[in-house]
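Trainee: Coordinates for the following, if possible.
(2 chains)
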Amino acid sequence: MKKILTIFVSLSLFLGSSTVVFAANYGNGLVRDFNRTINEASRTAQHQQNSLDAVIKRSDQLITNRIDWLNKLSTRLSDDKRLPSDEQSQLESEIQTEISNLTNLKTKIDADTTLSTAQADSKEIIVSYRVYAYFIPRIQLLITVNNLLSLTSSLQNLIPNIQNLINSLQSQGKNVTALQSILSDASSTLTTINTKLTSDKTTLEGLSLSSTSYETNIRGVRSDLENIRGSFGHLRADLSQMRQDFRAIIIGNSQSNATSSGEDSNQPVSSESGNSVNH
Amino acid sequence: MVKLLILLFVVVIAAGGAYLLIKKNSYPAAQLSLNHIQTHLPLNPVPSVSTQAAQIPNQPLTEQNVDQSLNQTVNAINSDTTQLDKDLQSVDQASSQSNSGM
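Mentor: Numbers count the residues shown, from 1 in each chain, chains lettered A, B, ... in the order given. Below is the predicted model:
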């Protein structure tokens, strides 16, 4: 009997302590699982916040870079003295609107609270503005084309003046064949330049961001300007050659006048005659 | 042999220390010199040609003024083609910026 009692008590003590240990371990496990879930949620939230901060930071940088470029373009425009004031105002207005829209987008992105919204807004910086691929090249090329049209117009006004002087020298019995030929070439080159520039201006003015071919058109105008640059080089060579021919004829005039009057009047035809001609 | 190794070690350490000391002292001087150059010799002292209007004379040409007028015209073309080069360069830079993703 004593033995049975001893076994019973021992068994009870063993089972009792096992239950306590099991309960304690089970409780600890539950607390651990709960803490793990809380920690994971916290880490996920922190990760989301970090990602959001990174998207906002990068977006701010993208917008700042674009606004810097637009400000440079604005300076280039305001420094230009040849653009008609109405065109200058129009282009400046476009630049300021672009800057203003980008600034508003930056404010919106800075206030975004979810990653998905910030990512969608960040995408807008590229796809809705195309500052580098469309806006800046279009405005920059428009300024350039307008400047060159202004130059071409001034050169075209010069052609009749040169023609009148050639006619005057011809009436004095001078040989102006070479001069006339160069002037015709220069005039023809100017007409070609003017036609291309006018067409390029129309192309640029008709461009819009929704146009699917804006990149092709911008590349086309850029390529035209490269060719026009070569044509201006040709024109410059024509003018330099004409300058030499005029000088030869006019100095010949002076010498023949001096000979006939018995005076030495072999003087330069102008105070600028010492200037070198840049080719 | 051991003495030789210790001597070599000391020499290497001394040489390294001397190099670091010289580098540390010479950098501010070089930077100062660069700052001085940048301050006193601006990279673009010449005003942009875009501020200049093309100087092509719009007057009747005579035997007296034709040389000067044509010279001015050639200079105006030079000026405008220089500006054209700068403008095309800006367009190219914008395009490459577009490709860089920034």
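Trainee: how's chain B carved up into domains?
Mentor: Partitioning chain B according to automatic domain parsing yields domains covering residues B:1-45, B:48-102.
Trainee: Check those for me: which has the lowest mean pLDDT.
Mentor: Looking at the domains of chain B, the lowest mean pLDDT belongs to domain B:1-45 (a mean of 55).
Trainee: Within range of chain B, give me the residues from the stretch 51-200 of chain A.
Mentor: Proximity of the stretch 51-200 of chain A to chain B is confined to A:61-62, A:65, A:69, A:73, A:76, A:79-82, A:130-133, A:136-137, A:140-141, A:143-144, A:147-148, A:150-151, A:154-155, A:157-158, A:161-162, A:164-165, A:169 under the rule C-beta under 8 Å from any C-beta of the partner chain. C-beta coordinates here come from the backbone N, C-alpha and C atoms, glycine included.
Trainee: ok, 6 Å please
Mentor: A:65, A:79-82, A:132-133, A:136-137, A:140, A:144, A:151, A:154, A:157, A:161, A:165 (C-beta under 6 Å from any C-beta of the partner chain).
Trainee: Out of the residues you listed, flag the one nearest to A:Asn101.
Mentor: A:Ile136 (14.5 Å; C-beta to C-beta).
Trainee: Near chain A, which residues of chain B? Just list them.
Mentor: Contacts of chain B with chain A, taken as C-beta under 6 Å from any C-beta, map to B:50-51, B:53-54, B:56, B:58, B:60-61, B:63, B:66-68, B:70-71, B:73-74, B:77-78, B:80-81, B:84, B:87, B:90-91, B:94, B:97-98, B:102.
Trainee: Of the residues you listed, select the buried ones using a PyMOL command.
Mentor: Buried residues among the residues of chain B next to chain A (16 or more other C-beta atoms under 10 Å in any protein chain shown), as a PyMOL selection:
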select buried, chain B and resi 50+54+56+61+63+66+67+68+70+71+73+74+77+78+80+81+84+87+90+91+94+97+98
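Trainee: So what does A:Gln172 have for phi and psi?
Mentor: phi -90, psi 0 (degrees, to the nearest 10).
Trainee: Tell me the pLDDT of it.
Mentor: pLDDT at A:Gln172 comes out at 94.
Trainee: Tell me how many other residues surround A:Ala54.
Mentor: 12 (other C-beta atoms under 10 Å in any protein chain shown).
Trainee: excluding its backbone neighbours, what's nearest the closest residue to chain B within the stretch 101-250 of chain A?
Mentor: Nearest residue of the stretch 101-250 of chain A to chain B, counting by C-beta to the nearest C-beta: A:Tyr132, 3.4 Å away. Spatial nearest neighbour of A:Tyr132, chain neighbours left out: B:Ser98 (3.4 Å); criterion: C-beta to C-beta, 6 or more residues apart in numbering or on different chains.
Trainee: helix or strand for that neighbour, which one?
Mentor: Using DSSP states H and E, B:Ser98 falls within helix B:66-100.
Trainee: Please name every helix or strand in contact with that helix.
Mentor: helix A:136-171, helix A:214-261 (3 or more C-beta pairs under 6 Å, 6 or more residues apart in numbering or on different chains; DSSP states H and E).
Trainee: I'm done for today, thanks for sticking with me.
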